[in-house]
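Asker: Sharing a model that was predicted from the sequence below.
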Amino acid sequence: MNELIYNLAVWLDDTEWSRMLHESYYMYNWVESTHVLTLMVSLGMLFLIDLRMLGLALPDVPASRIAERLNVPMLIGFAVMFITGILLFYAVPVRTSQSLWFRIKMVLLVACAVNAFLFHKRMNESVSTWDIEPRAPSRIRLGAMLSLTFWSIVVVCGRFIAYDWFDCDTSPNTLIDIVSGCVDGQTRF
Amino acid sequence: MNAVMLTSYPRTLTVVAALLTLLMLAYGGVMDAVYPSLLGVFEWLETTWFGVIGKTWGAAFAFVEAVHLLGLALLGGCVLAGDGRLLGVVLTDVPVQTVVERTHRVFVFGLSICLVTGIFMACGVATKIYYLPVYWFKMLALSAGMLFHFQIRRPLLGHDIQNLNPVVVKMVAVASMLVWFMVAATGRWIGFSG
């Protein structure tokens, strides 16, 4: 599996656009800056929704209204982050695909998606009974807490990707090499 | 309405004067005179606990960077929700005063996170950022943003917003979003410089 990922990453790395994007100082930085600054739209809205459920923000505004109204800008923000994230991966595919932090981040993103699905499902089923309460029921609060926790770790992992602590060409730790997907005899890093 | 606007004028003028003074300090001869003497302060910052931790443990620095981003996300979300409501773009069916007031509290929390983590990071790389023009642009933008938010936007919106000139309210919202975007963008650019 890791070899397949590595070969795919090498193939991407060999494409001209990947090289151009990686070597273009301004373009790469613009894409990365957009990815980071869009946090304010996507996570900013998400945090407000989650904090509302916990009773820590906008407690006198109906919860369903906050969730529905802020959902659209939040999803626009996530769409931009998704596109710029794919571009960032495309620019540096080999190193990124073998980054421990990137892999943890991807797993957590799946966890975030599952949690968001369950959160909205539970909320839609019961919101009419607690909509104007300052704090949501405990099940919804748990979902909000998990969302805050998962996304915070996603941001930490995203930031850590920039550091080379556990890169395949530097890490001497076998376990980390396995988790990172380092391939024996690989020539590209 | 006139009474409301007039009481805001002296405060607005004071803030504009303060911002002009900041600009003059930044680009005038005063800054040229003061700038060399600030090097000692930045060198000292690197010897503080924050500076030593930031320089010694790369993981601690990186973690604080991530917390800085989380604070920025919170701050940005509040700015966008509050100013978006002033512009009539988001939460249009929630009273504007409620959105502005409630998001302000979270904004202060986000800003506090950014300030504390920002000071920590600055201590760790103090002698590097001292020579970066973009760092000084960021400090200028941050000062402008804080002055604008606490001395113009908040006092103005503390009045009944329905009684304020809608054009003024929308201009305040646009200015607020622009200034905080400038703070975030110059901050990001620090990472690409030096």
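Answerer: Thanks, I have the structure now. Numbering: from 1, shown residues only, chains lettered A, B, ... in the order given.
Asker: ok, and what's touching stretch B:124-132?
Answerer: Stretch B:124-132 has contacts (Cβ atoms under 8 Å, 6 or more residues apart in numbering or on different chains) with B:38-39, B:42-43, B:45-46, B:50-51, B:53-55, B:61, B:122, B:135, B:190, B:193-194. The C-beta positions use only the backbone N, C-alpha and C, and glycine is treated the same way.
Asker: helix or strand for the spatially most central residue of chain B, which one?
Answerer: Residue closest to the mean C-alpha point of chain B, counted by Cα atoms, centre = their mean, is B:Leu142 at 3.3 Å. Assessed by DSSP states H and E, B:Leu142 sits inside helix B:133-147.
Asker: just B:Ser176 next, same as before
Answerer: Using DSSP H and E, B:Ser176 sits within helix B:166-192.
Asker: list the contacts for the nearest residue to A:Leu21 once chain neighbours are set aside?
Answerer: Leaving aside its sequence neighbours, A:Leu21 sits nearest to A:Ala91 (Cβ to Cβ, 6 or more residues apart in numbering or on different chains; 4.1 Å). Listed by Cβ under 8 Å, 6+ apart, the contact set of A:Ala91 reads A:18, A:21-22, A:28, A:31.
Asker: how near is A:Ala91 to chain B?
Answerer: Distance check for A:Ala91 against chain B: by Cβ to the nearest Cβ, to the nearest Å, it reads 15 Å.
Asker: about what we covered before: same question for the helix or strand that the helix holding B:Leu142 is followed by, mean pLDDT?
Answerer: Next in sequence after helix B:133-147, counting helices and strands by DSSP H and E, comes helix B:154-157. Helix B:154-157 shows a mean pLDDT of 90.
Asker: What is helix B:154-157 packed up against?
Answerer: Counting contacts by 3 or more Cβ pairs under 8 Å, 6 or more residues apart in numbering or on different chains; DSSP states H and E, helix B:154-157 is packed against helix B:2-27, helix B:96-124, helix B:166-192.
Asker: List buried members of the contacts of stretch B:124-132 by neighbour count.
Answerer: By neighbour count, with 16 or more other Cβ atoms under 10 Å in any protein chain shown, the contacts of stretch B:124-132 hold B:42, B:45-46, B:50-51, B:54-55, B:61, B:122, B:135, B:190 as buried.
Asker: now the helix or strand hosting B:Val41 and helix B:96-124, what's the angle there?
Answerer: For B:Val41, the host element (DSSP H and E) is helix B:29-45. With axes from the mean of the first three to the mean of the last three Cα atoms, to 10 degrees applied, the angle from helix B:29-45 to helix B:96-124 works out at 70 degrees.
Asker: between helix B:29-45 and helix B:133-147, what angle do the directions make?
Answerer: Angle, helix B:29-45 to helix B:133-147, by the same axes, to 10 degrees: 100 degrees.
Asker: CA atoms of the helix or strand that helix B:29-45 is followed by as PDB?
Answerer: The first helix or strand that comes after helix B:29-45 along the chain, using DSSP H and E, is helix B:49-56. Provided in PDB are the C-alpha atoms of helix B:49-56 (Å, rounded to 0.1, in the frame of the first residue of the first chain):
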ATOM      1  CA  TRP B  49      11.800  32.500  29.300                       C
ATOM      2  CA  PHE B  50       9.500  32.700  26.300                       C
ATOM      3  CA  GLY B  51      12.600  33.400  24.100                       C
ATOM      4  CA  VAL B  52      14.600  30.600  25.500                       C
ATOM      5  CA  ILE B  53      11.800  28.100  25.200                       C
ATOM      6  CA  GLY B  54      10.900  29.200  21.700                       C
ATOM      7  CA  LYS B  55      14.500  29.000  20.500                       C
ATOM      8  CA  THR B  56      15.300  25.700  22.300                       C
END
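Asker: now helix B:49-56 against helix B:96-124, angle please.
Answerer: Going by the same axes, to 10 degrees, helix B:49-56 makes 70 degrees with helix B:96-124.
Asker: chain center to whichever helix or strand A:Ala79 is part of, what's the gap?
Answerer: Assigned by DSSP H and E, A:Ala79 falls within helix A:63-91. Computed by Cα atoms, centre = their mean, to the nearest Å, the chain-centroid distance of helix A:63-91 equals 10 Å.
Asker: what's stretch A:136-152 in contact with?
Answerer: A:43, A:46-47, A:49-51, A:53-55, A:63, A:108, A:111-112, A:115-116, A:118-119, A:122-123, A:126, A:130, A:135, B:66, B:70.
Asker: for stretch B:98-115, same thing?
Answerer: Under the criterion Cβ under 8 Å, 6+ apart, residues A:48, A:51, A:56-61, B:67-68, B:70-79, B:81-82, B:85-86, B:91, B:146, B:149, B:154, B:157, B:161 lie in contact with stretch B:98-115.
Asker: Take the residues you listed and keep only those in helices.
Answerer: Under the assignment DSSP state H, the contacts of stretch B:98-115 contribute A:48, A:51, B:67-68, B:70-79, B:81-82, B:85-86, B:146, B:154, B:157 to helices.
Asker: Got a quick ChimeraX command for the buried subset of those residues?
Answerer: Selection of buried members from these for ChimeraX, criterion 16+ other Cβ under 10 Å:
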select /A:48,51 /B:67,68,70,71,72,73,74,75,76,77,78,79,81,82,85,86,157
